[in-house]
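[1] need a structure here:
(chains A and B)
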Number of protein chains: 2
Amino acid sequence: MSKLTDLPKRILIGRALHSNKLGETLLPKRVALPVFASDPLSSVAYAPGEVLLVLSVAGVSAYHFSPWIAVAVVVLMFTVVASYRQNVHAYPSGGGDYEVANTNLGPKAGLTVASALLVDYVLTVAVSISSGIENLGSAVPFVVEHKTACAVGVIVLLTLMNLRGVKESGKLFAIPTYIFVGGVFIMIAWGAVRGLIMGETMKAPTADYTIHAEHQGLAGFALVFLLLRAFSSGCAALTGVEAISNGVPAFRKPKSKNAATTLALMGGLAVTMFCGIIALAMVTKVRMAEHPATDLLKDGQPVGSDYTQNPVISQVAEAVFGNGSFLFIVLAAATALVLFLAANTAYNGFPLLGSILAQDRYLPRQLHTRGDRLAFSNGIVLLAGAAAILVVIYGADSTRLIQLYIVGVFVSFTLSQIGMVRHWNRHLATETDPAERRRMIRSRAINTFGAFFTGLVLVVVLLTKFTHGAWVALLGMVIFYATMTAIRKHYDRVAEEIAAEDEPGDETVRPSRVHSIVLVSKVHKPTLRALAYAKLMRSDTLEALSISVDPAETKALRDEWHRRGVDVPLKILDSPYREITRPIIDYVKSLRKESPRDVVSVYIPEYVVGHWYEHLLHNQSALRLKGRLLFTPGVMVTSVPWQLDSSEAAKRRARKRAEWNAPGSVRRGPVGEPKREKAATKK
Amino acid sequence: MSKLTDLPKRILIGRALHSNKLGETLLPKRVALPVFASDPLSSVAYAPGEVLLVLSVAGVSAYHFSPWIAVAVVVLMFTVVASYRQNVHAYPSGGGDYEVANTNLGPKAGLTVASALLVDYVLTVAVSISSGIENLGSAVPFVVEHKTACAVGVIVLLTLMNLRGVKESGKLFAIPTYIFVGGVFIMIAWGAVRGLIMGETMKAPTADYTIHAEHQGLAGFALVFLLLRAFSSGCAALTGVEAISNGVPAFRKPKSKNAATTLALMGGLAVTMFCGIIALAMVTKVRMAEHPATDLLKDGQPVGSDYTQNPVISQVAEAVFGNGSFLFIVLAAATALVLFLAANTAYNGFPLLGSILAQDRYLPRQLHTRGDRLAFSNGIVLLAGAAAILVVIYGADSTRLIQLYIVGVFVSFTLSQIGMVRHWNRHLATETDPAERRRMIRSRAINTFGAFFTGLVLVVVLLTKFTHGAWVALLGMVIFYATMTAIRKHYDRVAEEIAAEDEPGDETVRPSRVHSIVLVSKVHKPTLRALAYAKLMRSDTLEALSISVDPAETKALRDEWHRRGVDVPLKILDSPYREITRPIIDYVKSLRKESPRDVVSVYIPEYVVGHWYEHLLHNQSALRLKGRLLFTPGVMVTSVPWQLDSSEAAKRRARKRAEWNAPGSVRRGPVGEPKREKAATKK
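    Next comes the predicted model:
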C-alpha cells in the first residue's frame, strides 16, 4: 500500500506491542478497586442524605433512628458482598447477573435481570450526574442554580467522549477515586479528633434550622413504614456492588481470589464511609428535609423555594473543614468527579450488556460485534437520551431520581442470588468430594441468605417506593422486556422460515441458466467497467439495457455504442413518464415469466463518493432500483463500483474509524488482545 | 401473476382508457382560466389594501393618490399581459421564464430566473395562506386570534394533501374561483347601485376611525418615494400572471391562441376587480394603517394592539352587503379558498421547476424523474418547510410577507422580457417574409416596452422595499443560486472524471479472471440460494467464506457443511474482536494483491423484509460490509436476495405507491398520456 498508510500502521503496531506485555494490561487490585468501585463508593455521596431526608418526615426527633438504619444497611452490604464473592468464584468468566439468572433460572429470569440492569444503567447516569452537580454546586453555586442545564451538559460531554472513544487507563479512575476515599477518611478522622479529643463543637450550616414534621409523633405501623422507607433509601449505597462480578477477567491471577478480595475491600470502605458520614451528620446536626422549601425552618420561618439544600457530605465537610477551605473544595471536586466517573461506567456497561443480549438474539444482531463503533454508538446515544429525559423530567433532583433507582438493583440482586442457589444445588447433585461439598454447602447457605435478604429488601423497596417513582423504573423494565421478547420472537420466526430442509427443497434446485443485464445510461468509464466485469462472468446471455427518458440522449447513446463497437447487444426501453425503476422491473419480470427456471443477474454501475452530500447527488435511482429488484424472486443484483476521486476522503475517514477503540476496555479485560497484535503485524 | 394484482391493473387500465379521450383532458378556456388564474386573481384580495396601508403613512389625505396608483398598476398589468402573450406564441412548449431566459440570455440569467421563481413559490405559499387566514378571520374571529398556528395548520394540510397525491380536476379550481370572481363583481355592481343610483351611504367598519400620520404633510422627494412604495405594494396584484405561459400545452387547440386569450381575460378580470375594490374602499371610507395599534385612532385614541385590521376586501364587503350577511360570509370563504388554491399551485410548480432544473443538472438528478413520488415529496417538504418558517417568523402577517414577495416576480418578469427581445432579434436576423417580420417587430416592441417597464418596477421595488424585507428574498435567491451552481459544478467535474477516453484506457482493459466468494454465516436457505446462484456464474474460482466470531457456531457450520456435502470449499477467518467487516476487507485486499489483474466477486445473501423496523434487525453488517467493499477497486458485490414472508407487505406498499399520481397534472397537460395507456394494457 501507499506510504500514506504507514503512520496509522505504525501507531497500530506500537499500541499492539505495548499491550503485548500482558501482565501490564491486567489490573492489580489497587487499580481494580477504583476502576470497579467508583460506582458503589460514590453512592455514599448521596445515600446517607437520603436516609435523613426520609426520617425528617417525622421530625428531627426521628433522626435518632438513623444509626439503626445505618446498621441495617451495613448488614445488607456484608450480605451482598459475601454473596457476590460466591458469584465471583463460581463464574470467573465475568458473566454477571444476567448470565447467572439465564443459566440457572431460565431465559425469562435472565431477560428480567437484563431489563432491570438496562434500566439501572440509565438511572446510574441520571442519579450520579445529578448528585455530582449538587456536590459541585455546594462549592460553585452557579452550577446548582442551573442544575438541569449543567446535568444535561455533563451527559452530553460524557456522551461525546464515549462516542469519540476515550482510551481508558486505570489512572483515570484511580486518582479521583483515591482522593475521594482519602478525603472522606480524613474528614471522618479529623471530625473524630476535633469532636472527641479536642472537644470542639462542629456545626453544620443547617445546625440551627428546625424541621417542620409532616407527621408529628408517628407511631406503630406508620413509623415502621417510615423506617423501612428510610432503609430503602439508604440501600442506594449498594448500587454498583455487582460491577466487580462482571469484571473478573480483567483481574490479575488468581483472578477469582483477587476479585473476591477487592469486593470485600470495597464493601469495607463503603460501609465505613457510609457510617462515618451518618455519624458526623448526627454530631454536626445536619438538618435536611424532604421538602426544604416548606418544611425546613430558619428562625421559625420556612426557607422558601430559593433555598438550595446541600448534600450531607458537603454539609459535613463544611462543618469539619470550614466553608471554602482547601480541603472542602478538594472533597467537593473529588466527589463530583467520582460521581461522573460512576456515570461513565454505565456508558461502558450498557453497550457491553447489549452485546451479550444481542448474542442471545434479544437485541439486533449487529450489536453483538464487539468494538463495533456504530453499534456501540447506538447504545450510547440510547442510554444518554433516556438519562437526559429523566434528568429533565425530574429537574436533576437526585432525591427524586433515587426513588426510581433501587428497584432494578434489587431485582437483579435477588434473581442472581436465587440463581446461585440453583447453581449450587445442581453442582451438589453430582459432586462427591466431601471438602468440595462442604465448601458448596457453605456457599449455598450464603447465597440463600443473600437471596432471602435482597428479596426482602426488594419487597420493602417496592412497597415503600412504588408511588414515589419506582413504577417508572418498573415501566421501563416492562418496556425493555417486551421489546427484547418481540425481537427474539422475530429472529426465531425468521430462523424457522429460512432453515434449510434436509431434503433438498425448491431453493436448492439449481437454476438452469443466467441471463445478465448491464444497466447503462451513458458510455463512460463506470459503464465500461461494468460491461467488462459482466463479460468476465460468462453467463448464458448478456445484454445492456437503457431506459429512454430523453430521445436525444438515447440517440447519442446508441451512436456512441456503435461508434465504439461495443460487442454487447443494447436494448432500449421507452419510458414516457421518465421513470427508471418501473420499466426495468417490468422487463425483468417478463424475462422471469418467459423462463421461470432462469436467474436474472442485473449489473448496476455505482459511484463511490466521499461525502454524505454527494450521496444525494448520485446513485439515488440505482439504490431505489436495487431495493425494488430484490423483491423479485430469481434476481441477483451486482454493484460494480466506480471510485470517484472524492472517495479517497471517505477511505481516510474509514481508516481513522478503524483505529477507534471502544471505551470500557480496561474493565473488560484483554480478551483476544494477543491475537490482535498478531493480526496487526501481519497486516 | 396472481389474482391479487388484477384490481390495481383494472384501475390503471380504467384510468388510462378514460384519459384516452384526449380532448377531455385538454382544458377549455373556461376551465383553464380558474386553473391558472387562482394565483393572480387571488392577489386582488390583498394588493388594494397594501396600497392604502402605505399611503396611510402620510395620513388619510394621501388616500386620494390611490386612484392614480391603481391606474399605474393597470397600465403595468396590461404591459405584462401583452408581453406574456408574445411569450405564449413564441414558446408554445410551456417553457416559462426559465426556458426563455436560459435560451436567450445564457445559463446565468436562466439560473437567476430559476432562483427567483423558487423563492417566489415559497412566498406564494406564505403570503397566500397568511392572507387567506386574514380573510377567513374577518368572518371567523377565532382564526385570526390564532393566526400563525392556523396558517401553519393550513400549510401542513396542503402538504399532506400533496404528498398523498390528490387527483386534480378543473372543477376543484373552477368552483371557488368563479364564486370568488362572481362575488367580487356582484359586490362592485351592488355597491355602484347602492351608491350611485339609490344614493345610499355605505360605511366601512373603520369609516369613523382617523389615522395618525407618521409623516404629516409629506412633499417633494419624500412624497414621490412614498407613492412609489405604494405602487410597489400594488404590484402584488401581478404575482402569478406568468403561470399561463408555463401551461400552454394544457390548452385545447389552437393552444397558443387560446392561452393568449385566457391571459387577456385574466388581466381584464384582475384589473377590474383591483380598481373596483379600490374605488369601493374610497367610497366606503376604509381606513387602514401600517401600524394600526398606534396609528389608527378611534375617537382620538389609538386602537391598541388587540385590534385586528381586517383586509380591505372584507371591510368593503361588510359595507356593501352588511356584516354577517350571507353574501359577506360566502365572499370571505371564497376569498380564503381561492387564496389557499393559489398556495396549492406553488406546490405543483415548485417540483415541476425542480424537475426542469434537475434535467439541466442544477439539482440532484433524481428530481428529473417525472411523477417520481420520492423526488416530488422532497420538493414539497422543502417548499412547505421554508414557507412555514417564514410564516412563523413574520407571524403570518401578509403585509410584512408581501415586502419580500414582489422582488422575485419582477426579476423573472424583467429577465424573461429581455430574453424575448433577444429571441425576436435572433429570428429577425433570418426571417425574410415581410408580413412575418412586421409581426416580429411588433412583438419585439411590446417585449421591449415590457422589459423596460418591469425593469423600472424592479428598481423601484428594490429601492422602496429593500430594508422592509426584500433583502430576505434576495438572500434566498443568492442561496438557491449558489447551491445550484455548486451542484452543477460537481456534476460537471464528475462527468469529466468518468468520461470514457477514445483510446481504450485502464478501465477497459479486460481483467483476466474472476475469483468469487460467497459469504456464509449459517447453512440456511438464503445461503444455499446464494451458493446456487454463484455456481451458476461459472467464475474461475469459487469459495465460501465465513468469519468465526464464536468457536461453537463455527464448528456447527463446518459440521453442517460436511454433512450436507456442499461442493464448495469453505474458508474460515478468525476474528478475535468479533468484527465482520475488517477480516473480509483484509482478505479481499490480499487476494487483489496476489493477482492485481483479477476481479473479486463477493456474493452476499440478503434478507428482503417488509417493515422498516426489520431493517434494524437484519442486514446491518451486510450493508456496512458492502459499503466498505465498494471502496476497494476491482471488486464487485452481488446481493442475492431472500424474500422473507414479511416482504409481501412491502410489495403491496410498493404497488400502492405505483398507483400514486403527482398533483399538478392538470396544469401540465397530457404529455405522454396515450403512451401510458399502451404500457398499461400491455402490462
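
[2] where does the stretch 251-400 of chain A dip in pLDDT?
    Within the stretch 251-400 of chain A, the ranges that satisfy pLDDT under 70 run A:368-375.

[3] just the stretch 51-200 of chain A next, same as before
    For the stretch 51-200 of chain A (pLDDT under 70), the answer is A:95, A:165-170.

[4] how about the helices in it?
    Assigned by DSSP state H, counting those that start in this stretch, the helices in the stretch 51-200 of chain A fall at A:66-90, A:96-105, A:107-139, A:141-145, A:147-164, A:170-192.

[5] Show me how far the second one is from its chain's centre.
    Going by C-alpha atoms, centre = their mean, to the nearest Å, the spacing between the C-alpha centre of helix A:96-105 and its chain's C-alpha centre is 18 Å.

[6] name the helices or strands packed onto it?
    If you count contacts as 3 or more C-beta pairs under 8 Å, 6 or more residues apart in numbering or on different chains; DSSP states H and E, helix A:96-105 packs onto helix A:107-139, helix A:243-246, helix A:326-359, helix A:398-430. In short, each C-beta sits where N, CA and C put it, glycine included.

[7] Then the last one?
    Using 3+ C-beta pairs under 8 Å, 6+ apart as the contact criterion, the elements in contact with helix A:170-192 are helix A:29-42, helix A:255-283, helix A:312-321, helix A:326-359.

[8] Run through who's touching that helix.
    A:27, A:30-31, A:33-35, A:37-38, A:41-42, A:44, A:202, A:269, A:272-273, A:276-277, A:279-280, A:283-284, A:313, A:316-317, A:319-321, A:327, A:330-331, A:334-335, A:337-338, A:341, A:666 (C-beta atoms under 8 Å, 6 or more residues apart in numbering or on different chains).

[9] how does it look with 7 Å?
    For helix A:170-192, the external contacting residues (C-beta atoms under 7 Å, 6 or more residues apart in numbering or on different chains) are A:27, A:31, A:34-35, A:37-38, A:41, A:202, A:269, A:273, A:276, A:280, A:283, A:316-317, A:320-321, A:327, A:330-331, A:334-335, A:337-338, A:341, A:666.

[10] ditto for the shortest one
    Contacts of helix A:141-145 with the rest of the structure, by C-beta under 7 Å, 6+ apart, involve A:I133, A:E134, A:L136, A:G137, A:C150, A:T308.

[11] Now do the domain split for chain A, please.
    As recorded under automatic domain parsing, the domains making up chain A are A:3-491, A:506-682.

[12] Go through these and name the closest to B:P254.
    Among these, domain A:506-682 comes nearest to B:P254, with 24.5 Å by C-beta to C-beta.

[13] Would you mind reformatting the domains of chain A (as a markdown table) and adding columns for distance to B:A58 and mean neighbour count while you're at it?
    Shown next, in a markdown table, are the domains of chain A (distance: least, C-beta to C-beta, whole Å; neighbours: other C-beta atoms under 10 Å in any protein chain shown):
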| stretch | distance to B:A58 | mean neighbour count |
| --- | --- | --- |
| domain A:3-491 | 50 | 20 |
| domain A:506-682 | 51 | 18 |
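
[14] how about CSV for the ones you listed, with distance to B:D433 added?
    Output for these, formatted as CSV (distance: least, C-beta to C-beta, whole Å):
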stretch, distance to B:D433
domain A:3-491, 69
domain A:506-682, 29
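
[15] and of these, who's closest to B:H611?
    domain A:3-491 (9.8 Å).

[16] if we can go back for a sec, so which of the helices and strands packed on helix A:96-105 is nearest B:N447?
    Between B:N447 and the helices and strands packed on helix A:96-105, the tightest spacing by C-beta to C-beta is seen for helix A:326-359, at 68.2 Å.

[17] and the next element down the chain from that closest one?
    helix A:373-393 (DSSP states H and E).

[18] What is the nearest of the contacts of helix A:141-145 to chain B?
    The closest of these to chain B turns out to be A:C150 (C-beta to the nearest C-beta; 30.2 Å).

[19] The closest one reaches A:I133, doesn't it?
    Yes: A:C150 is in contact with A:I133 according to C-beta atoms under 7 Å; the separation is 5.1 Å.
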